[in-house]
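J.: model the structure of this input:
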Amino acid sequence: MKRILTAILMIALTLSFAFGQEEATATVDATVLANLTITKNLDVNFGNIPATGTPILVPSGSGHTDVGTQAVVGKFTVSGSDGVQISVVYDASITLGDGGTNTMTFTSDLDGFATEDPGSATGVVSGNQVTLGASGYYFWLGGNLGTLGNQATGTYASDATGGSGNFTLTIEYF
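T.: Next up is the predicted model:
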């Protein structure tokens, strides 16, 4: 009798699991894109600036203020899949040091365009997205050093003592 009761109980439990079970399915997709790469083509260089100026490097390459004749706007080139959006994140500002205790703050200004034409570039806000073109995407980096109030003379750099480190531009597929 005990065996019959155990068998009935097992059948009842099996039936309750069979009728109480539900399932759902999900598809799994992935889109494979070309490797995303970024290359720094040019560093930013304000050149020789006055100690009391307001140095400004315009990313499009025209309209600079209080910079030396050897001033250079920074440039980055991105390659990846045509027509795909990437997110762009970069440093709003970094500190330049003179190797001692003197510093200056570089506030960045980034423009970009899907072809290598800085005159057609527009401002790119950190945290926003841009769309890659057939030849990738190009970024031009300018910015300002604020209004200098009799700045101590010397050579200042982001990677010198007192500097906060180099400007970082980060991209990823969106």
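J.: where does the nearest residue to T77 once chain neighbours are set aside sit, in terms of helix or strand?
T.: Nearest-residue entry for T77: T39, 4.8 Å, with adjacent residues in sequence omitted and distances by Cβ to Cβ, 6 or more residues apart in numbering. Quick note: C-beta positions are derived from backbone N, CA and C, even for glycine. Per DSSP states H and E, T39 falls inside strand 37-42.
J.: and that strand, what's buried?
T.: Under the neighbour-count criterion of 16 or more other Cβ atoms under 10 Å, strand 37-42 has I38 buried.
J.: need the contact list for the residue nearest to T77.
T.: T39 sits next to F76, T77, V78 when contact means Cβ atoms under 8 Å, 6 or more residues apart in numbering.
J.: any idea how far it is from I171?
T.: Noted for T39: a distance of 11 Å to I171, by Cβ to Cβ, to the nearest Å.
J.: quick one: low-confidence parts of the chain?
T.: Scanning the chain for pLDDT under 70 picks out the ranges 1-2, 4-19.
J.: switch to 90 and redo it
T.: For the chain, applying pLDDT under 90 flags the ranges 1-21, 61-63.
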